[in-house]
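Visitor: After the sequence you'll find the predicted model.
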Amino acid sequence: MVAEGYRGRAAPYLARLANPFLSWDPARISALSLLASVGAGVLALLARWEGPLLFLPVAVLIFTGGVFDALDGEVARRTKRASLRGDFLDHVYDRYADVAILLGLAASGFVNPVLALLGLVSLLLVSYLGTQAQAVGGGRAYGGFLGRADRLLLLTAVTFLEFDLSLPWPWAPTAPLERIQLAGVGFTVIDLAMVYFLVAGQLTVLLRARGIYAGLPPAPDLLPPDVPSGGESSTGLPPRIR
């Protein structure tokens, strides 16, 4: 993950940015992150009728949502309010945020909707593999080429570029889906991001799956303590769908 490598350098700035929010409930900050992402998705959808100038606030809202997404964990840790409930809620909000942004872009008219939906599926699989490692008794998996910070930064960049290309520069496009031409095929910068999400996302899924599988015990009898030998958990549900 590209952005993950800069976590240490960004930590002092994030700590300073979190100072005004230390009295806030981390769940409230998570909700603001989701709200910004939903707003970005709605504005991206409206760009279908209102034009690409709306991609400027889309970029701002995606970036703002990403900042709040980083702040909730920072505030929770520093104020000793980190909890499993908060972590779970954060993941639920993050998945809804991903869906809101990508569906808004898919319907915007400025990206191939099939590419956008494939990119969304790829992102959801990446996130699923990240937490599935915990579900089978390991630590959360963060490896690969497409962490959440990476995709939020990339989405911020490409939506801003889509706005920039709509301005009356000498290279201004004449049709939304023909902003860039290569071998007679017209595509947008958001299309390129979706292709990257698809390719890098699947590589990330494979890398994480390989690492998780290699770290699991091979013996069939090493199951979680609440799973009887009959394969049903103490909750009465199969262990995989609890």
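Guide: Great, that's in hand.
Visitor: Tell me where the protein has strands.
Guide: Taking DSSP state E as the test, the strands found in the chain are 180-182, 185-187.
Visitor: looking at these, which has the lowest confidence?
Guide: Lowest mean pLDDT of these: strand 180-182, a mean of 65.
Visitor: ok, which stretches of this structure are helices?
Guide: 7-18, 26-50, 55-78, 84-106, 113-135, 148-164, 189-215 (DSSP state H).
Visitor: For the fifth one, name the packing helices and strands.
Guide: When you say that, I think you mean helix 113-135. Contacts defined by 3 or more CB pairs under 8 Å, 6 or more residues apart in numbering; DSSP states H and E place helix 113-135 against helix 84-106, helix 189-215. No exception for glycine: its C-beta is placed from N, CA and C like everyone else's.
Visitor: can you tell which of the ones you listed is closest to residue 125?
Guide: helix 189-215 (5.0 Å; CB to CB).
Visitor: and the angle from the closest one to helix 148-164?
Guide: 170 degrees (axes from the mean of the first three to the mean of the last three CA atoms, to 10 degrees).
Visitor: Can you find the helix or strand in this structure with the smallest mean pLDDT?
Guide: strand 180-182 (a mean of 65; mean pLDDT, DSSP states H and E).
Visitor: follow-up on the earlier one: with respect to residue 115, which of the helices and strands packed on helix 113-135 lies nearest?
Guide: helix 189-215 (3.9 Å).
Visitor: Can you list the buried residues in the closest one?
Guide: Residues of helix 189-215 classed as buried by neighbour count (16 or more other CB atoms under 10 Å): 189-194, 196-198, 200-202, 204-205, 207-208, 212.
Visitor: Report how many residues lie close to residue 54.
Guide: 24 (other CB atoms under 10 Å).
Visitor: where does the chain have low pLDDT?
Guide: Within the chain, the ranges that satisfy pLDDT under 70 run 1-7, 168-185, 219-242.
Visitor: Run a quick neighbour tally on the residue nearest to residue 107 when sequence neighbours are not counted.
Guide: Nearest residue to residue 107, sequence neighbours excluded (CB to CB, 6 or more residues apart in numbering): residue 45, at 4.9 Å. By the criterion of other CB under 10 Å, residue 45 has 20 neighbours.
Visitor: Thanks again, I'm all set now.
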